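Undergrad: Next input, structure requested:
(one chain, ligands or ions: 1)
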Amino acid sequence: MKIAMIAAVAENRVIGKDNDLIWRLPDDMKFFMEKTSGHHVIMGRKNFESLPPKYSPLPNRTNIIITRQKDLFIDGAHVVHHLDEALEIAKDNGEEEAFIIGGGEIYKLGLAVADIMYLTEIKASFDGDAYFPEFDRTQWTEIDRINHPIDSKHKYEFDFVTYKHR
Ligand SMILES: NC(=O)c1ccc[n+]([C@@H]2O[C@H](COP(=O)([O-])OP(=O)(O)OC[C@H]3O[C@@H](n4cnc5c(N)ncnc54)[C@H](OP(=O)(O)O)[C@@H]3O)[C@@H](O)[C@H]2O)c1
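TA: Numbering: from 1, shown residues only. This next block holds a predicted model:
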């Protein structure tokens with residue numbers, strides 16, 4: 001099973017503020033929805049709580065939530081206490097590509113086990129309180145980069161970048 005991380009990251013590595021996203025980039029949201037649809041998605045408890053009610057749990061995906069709380073039960077989702085446990089569920093279900101979908105604390109855990117990263121690199125910096133972890137670029141090969149320009153629906157330019165672990 002391939003382990004993927006998928007994130008939208010600002011130039012200063014910011015990914016969110018006050019447990020919410022900062023930017024509105026519909027084509028990036030569409031990319032996320034299409035890429036992860038039908039797959040296992042693994043997320044931190046805070047990221048799960050930040051999802052709008054309409055997308056909670058994320059539809060058409062097996063949602064797995066990581067928490068240290070022993071008594072947390074969430075309707076329509078698996079609740080686990082370790083990343084390994086989450087990956088085990090995905091593997092046992094015959095998943096081919098499991099997605100670690102954040103936030104910052106969970107990306108940090110995921111970096112040690114990920115095979116591939118789909119990063120939407122936004123060409124701007126933001127004030128925030130959640131970050132994508134710094135990663136050793138000598139360990140990752142950029143295999144794809146597609147630019148998305150500013151337009152009427154997208155206030156910021158960004159690149160869809162794929163990095164493969166060496
Ligand atoms: N730009 C993007 O692509 C993107 C994607 C996802 C999220 N975000 C943003 O990221 C922010 C949330 O990220 P965050 O870093 O604050 O929180 P998070 O990673 O979503 O969740 C943190 C929580 O995960 C649990 N956890 C963390 N490490 C654990 C471990 N080792 N073992 C067991 N449980 C563990 C804890 O839950 P308990 O407290 O319940 O124990 C912890 O409070 C939001 O602003 C969100 O909008 C951005």
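Undergrad: Residue numbers of this structure in contact with the ligand?
TA: When proximity is defined by Cβ under 6 Å from any ligand atom, the chain lies next to the ligand at 7-8, 15-17, 19-21, 44-47, 50, 66-69, 81-82, 101-106, 109, 130. C-beta: built from backbone N, CA, C; applies to glycine.
Undergrad: Report the buried residues of stretch 36-44.
TA: Of all the residues in stretch 36-44, those buried under the rule 16 or more other Cβ atoms under 10 Å are 36, 39-44.
Undergrad: Return the member of the residues you listed nearest to the ligand.
TA: residue 44 (2.3 Å; Cβ to the nearest ligand atom).
Undergrad: does the closest residue to the closest one other than its chain neighbours sit in a helix, a strand or a coil?
TA: In space, and not counting its chain neighbours, residue 44 is closest to residue 106: 4.1 Å by Cβ to Cβ, 6 or more residues apart in numbering. Judged by DSSP: H, G, I helix; E, B strand; the rest coil, the three-state class of residue 106 is helix.
Undergrad: Kindly tell me how buried residue 106 is, as a neighbour count.
TA: Residue 106 sits with 22 neighbouring residues when counted by other Cβ atoms under 10 Å.
Undergrad: can you check residue 32 too?
TA: Residue 32, neighbours per other Cβ under 10 Å, totals 20.
Undergrad: I'd assumed residue 16 was in contact with residue 132.
TA: No - here residue 132 does not reach residue 16: they are 9.8 Å apart, not a contact under Cβ atoms under 8 Å.
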